[in-house]
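**Student:** Need the 3D shape of this:
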Amino acid sequence: MASTRRLAAILAADVVGYSRLMGLDEAGTAQAVREHRVAADPLIVEHGGRVFKTTGDGVLIEFGSVVGAVECALALQHLAAERNAALAGDRRMEWRIGVHLGDVLIEGEDILGDGVNIAARLEGIAEPNGIYISEDAFRQVHGKVGVEFADLGEQSLKNIARPLRVYCVGSSAASQTVTAPAVLPLPDKPSIAVLPFANMSGDPEQEYFADGMVEEIITVLSRIRWLFVIARNSSFTYKGQTVDVKRVGREFGVRYVLEGSVRKAAGRVRITAQLIDAASGTHLWADRFDGSLEDVFNLQDQVASGVIGAIEPKLRQSEMERAIRKPTESLDAYDLYLRALTLRDTHTDESVHEAVALLQRALAIDPNYAPAKAAIGWSRVHQRTHGRSPVSETEAAEAVALARQALEIGKDDPDTLWMAATTLAIFAGEHAVAAAAIDRALMLNPNSAHAWAARGFVCRSRDQPGPAIQAFERAMRLSPLDRLRRAFTVGIAIAHLAADRYEQAADWAEQTLREEPGYRVALTCKTAACALLDRADDARATLSQLIEAQPGLTIAQYSAFWSRIFSPALLAIWLTGLRKAGLPEG
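**Tutor:** Numbering: from 1, shown residues only. Okay, the predicted model is just below:
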């Protein structure tokens, strides 16, 4: 067959989160794609396009005019928005589109070459509902299409030899807010993000069960030393969203993404899971697991084992056996523990008390349930450092006693170790004991972002600001979108303060406040740092915010509060800065 070459505009379009949609409703999704294409065909013809290739979730279209291609892309996105308007968020079919003008090779009805490849790669980096075009296409359409364009700079596209300048097509307001997708480098070992599983039970009350299932899978995978695992708090930022695994891979810097669903009904559980190569969107493995609630831990083990086997077939069986552990054989206690965990990241006084009550009920069922013992102390830690109601002496004593018991009976559970260690450090000042427990937690699970943060906290309290900063930075890399990221960034700020690097301390405290305005620890750190830098106006302004959040605050109160948490040297710096800013002695 003779081949010919010509210049053409190529439009590549792809459904975002197609795998997840198929998992939710395979027949319905396939039908929706067919109906969408029927509705789109007149628009394609109207703008001079010709479909030359389709896949399950994508389409390639040739145009003789770049203006026609871009106008068609805008029309297609408008059509998608109209069709999605009446659908629930998790059922919406969003599209990404890439457009490039280039030389292509014509073979019969098919089109090949870099012109097609570049359009497909542009689609691959586009945001959901977005249209990305190459610089070659931009030069032809600029001023000819009634929309604004955002310059995203040069982008490296997979299997394309040189970086290409890319533009985002959209309204003026949208184009001003679009930025190039952040791309984290892949770590030097296999890496994975486990996304929230869809709750298919039809009962909103069972969300905690689906979330707990995913958390257990993350825990199992995290114990594999050669595997880099994104922490739960970051991966759960995608909960309830339409998921694009390629974007997940770029945002988290991981090679693999695990997604799935949980259906719980009439004492039975069905778990579906699929492992996807985030760079290519290729499905590497998929399976379904059925069982009774009494055997739920066995199901978790099967899912985790299947993922591990897909990533590394040569993994030794002994490593798998060490990785797969059950927290308790009592499902009732475990169920209560899961419910408590759903409250742990809100950290209001009310949520802390409710979480503690659930954990105490779990311990009434299983008195040796180490994670519940440790989680009570961790809840009290957040009540003390974030809440408004003080922790009573009785509550603190209970937290310390349970933490010591947890270290004894939960010495092989990383989460138990770091939670108990933090409790002992804050309520008992036992930093050496805490450091040893955290070291063991990280030996068992080197991917625990919160264990690394706990190490940073203890190092900072032992006058080791350098290792503290390294530990907090490691925590942020493992969980880049963590809901508790404020604890990581303010930890770095205080470590810089301890090292007499006041400018860096103020900068990191300010970064924390941008993410969570009013966070009192960050306000205090910034106040002290600015005062020590002789930035009197900044120090007074921040101190005013701090006193507004804590009326009646005094040096004496701060000294009593932080004396067990900070070393004497750090406490002296802290209080010197606050005095200089004007905080009364009390």
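**Student:** for the chain, which spans come out with low pLDDT?
**Tutor:** 1-2, 19, 23, 86-91, 171-183, 205, 304-331, 344-347, 386-388 (pLDDT under 70).
**Student:** And the strands in the stretch 1-150 of the chain, which stretches?
**Tutor:** Assigned by DSSP state E, counting those that start in this stretch, the strands in the stretch 1-150 of the chain fall at 4-15, 49-54, 58-63, 95-107, 110-112, 131-134, 148-155.
**Student:** quick one, which of those strands is packed in tightest?
**Tutor:** strand 131-134 (a mean of 28; mean count of other Cβ atoms under 10 Å). Heads up, the C-betas are built off the backbone N, CA and C, glycines and all.
**Student:** quick one: contacts for Ser201?
**Tutor:** Phe209, Ala210, Val262, Arg263, Lys264, Ala265 (Cβ atoms under 8 Å, 6 or more residues apart in numbering).
**Student:** And Phe236, by the same measure?
**Tutor:** Pro196, Asp211, Val214, Arg483.
**Student:** re earlier: quick check on the contacts of Ser201: which are buried?
**Tutor:** Listed as buried from these are Phe209, Ala210, Val262, Arg263, Lys264; burial here means 16 or more other Cβ atoms under 10 Å.
**Student:** CA-only coordinates of stretch 136-143 in PDB, if you can.
**Tutor:** Extracted in PDB, the C-alpha atoms of stretch 136-143 (Å, rounded to 0.1, in the frame of the first residue of the first chain):
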ATOM      1  CA  ASP A 136       2.800  25.100  16.100                       C
ATOM      2  CA  ALA A 137      -1.000  24.900  16.500                       C
ATOM      3  CA  PHE A 138      -1.100  28.100  18.600                       C
ATOM      4  CA  ARG A 139       0.700  30.200  16.000                       C
ATOM      5  CA  GLN A 140      -2.000  29.300  13.500                       C
ATOM      6  CA  VAL A 141      -5.000  30.000  15.800                       C
ATOM      7  CA  HIS A 142      -3.900  32.900  17.900                       C
ATOM      8  CA  GLY A 143      -6.200  35.900  17.200                       C
END
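**Student:** what's the spacing between that stretch and its chain's center?
**Tutor:** Relative to the chain's own centre, stretch 136-143 is displaced by 36 Å; criterion: Cα atoms, centre = their mean, to the nearest Å.
**Student:** quick revisit: and the contacts of Ser201 as TSV, adding secondary structure?
**Tutor:** TSV is the format used below for the contacts of Ser201 (DSSP: H, G, I helix; E, B strand; the rest coil):
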residue	secondary structure
Phe209	helix
Ala210	helix
Val262	strand
Arg263	strand
Lys264	strand
Ala265	strand
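**Student:** from these, which single one is nearest Val356?
**Tutor:** Lowest distance from Val356 to those (Cβ to Cβ) belongs to Phe209, with 20.8 Å.
**Student:** In the stretch 351-500 of the chain, what residue spans correspond to helices?
**Tutor:** Counting by DSSP state H, counting those that start in this stretch, the stretch 351-500 of the chain has these helices, from start to end: 370-386, 393-409, 414-428, 431-444, 449-461, 465-478, 485-498.
**Student:** quick one, which of these is nearest to Gln504?
**Tutor:** For Gln504, the closest of the helices of the stretch 351-500 of the chain is helix 485-498, at 4.1 Å, according to Cβ to Cβ.
**Student:** which other helices and strands contact the closest one?
**Tutor:** helix 449-461, helix 465-478, helix 502-515, helix 520-532, helix 568-581 (3 or more Cβ pairs under 8 Å, 6 or more residues apart in numbering; DSSP states H and E).
**Student:** Sweet, I'm off.
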